[in-house]
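> below are the sequence and a predicted model for it; my questions follow.
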Amino acid sequence: MNFWLFKSEPDAWSWDQQVARGEAGEEWTGVRNYQARNNMRSMKIGDRGFFYHSNIGKEIVGVVEVIRESAPDSTSEDPRWDCVVIKAVTPVKRPVSLEECKDVPGLENMALVKNTRLSVQPVSPAEWDIVCRLAGLTP
DNA sequence: GCCAACGTTGGC
DNA sequence: GCCAACGTTGGC
């Protein structure tokens, strides 16, 4: 299984909205960046990801699961763009902020810290483990 | 609201 | 194929 991180501005699409979609999940539309798209293309059903609030909060607030592999983005006419569907799995017990990630040993190479503009990013198993612990979750 | 980082576009 | 101009993201 691989691990990922999905960024969203809570003004545009928040964790609460994601939770409200329940088992149906939500198509992760709107990604118009090749790197982010390629990350989605690498995802398999059952992969897990963190849900991160950018701009407001700047913290990891939940865990999601990939429930459909990459397919054309219904919000784009352009066939270049596709996306996965994710569903909320569990909220964190304690949010993990960007600031904290910058300070925690082992997370200094996280894309969240090093490549701030990438909206869909890979997370290494080691990073996943560390962040889960900080979030009060069992990895 | 500013601006740094970085991705994309388009002229040459 | 280079690179300047431009647009966007996202932290501050």
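Cool, got the structure. Numbering: from 1, shown residues only, chains lettered A, B, ... in the order given.

> pLDDT value on the residue of chain A found nearest DNA strand B, please?
Going by CB to the nearest atom of the strand, DNA strand B is nearest to residue A:34 of chain A, at 4.2 Å. For every residue, glycine as well, the C-beta is placed using N, CA and C. As predicted, residue A:34 sits at a pLDDT of 92.

> same check, this time on the one 10 residues further on
As predicted, residue A:44 sits at a pLDDT of 97.

> is the nearest residue to residue A:138 once chain neighbours are set aside in a helix, a strand, or coil?
Nearest residue to residue A:138, sequence neighbours excluded (CB to CB, 6 or more residues apart in numbering): residue A:132, at 6.8 Å. Under the three-state scheme (DSSP: H, G, I helix; E, B strand; the rest coil), residue A:132 adopts helix.

> residues of chain A that sit close to DNA strand B?
Proximity of chain A to DNA strand B is confined to A:33, A:34, A:35, A:115, A:117, A:118 under the rule CB under 7 Å from any atom of the strand.

> roughly how far does the first one sit from residue A:8?
This points to residue A:33. Going from residue A:33 to residue A:8 by CB to CB, to the nearest Å gives 14 Å.

> and the two? Which one has more around it.
Between residue A:33 and residue A:8, residue A:8 has the larger neighbour count (other CB atoms under 10 Å), namely 21 against 13.

> can you pull up the bridge partners for that one?
residue A:53 (DSSP bridges).

> burial measure for residue A:53, as a count.
Here the count is done by other CB under 10 Å, and residue A:53 has 22 residues near it.

> for the helix or strand harbouring residue A:70, packing partners?
Counting by DSSP states H and E, the element that carries residue A:70 is strand A:59-72. Contact analysis of strand A:59-72 by 3 or more CB pairs under 8 Å, 6 or more residues apart in numbering; DSSP states H and E lists strand A:3-8, helix A:15-20, helix A:34-41, strand A:48-53, strand A:82-97 as its packing neighbours.

> most packed of these?
strand A:48-53 (a mean of 24; mean count of other CB atoms under 10 Å).

> just the mean pLDDT for that strand, thanks.
Per-residue pLDDT values over strand A:48-53 give a mean of 97.

> swap in stretch A:94-108?
Across stretch A:94-108, pLDDT averages out at 95.
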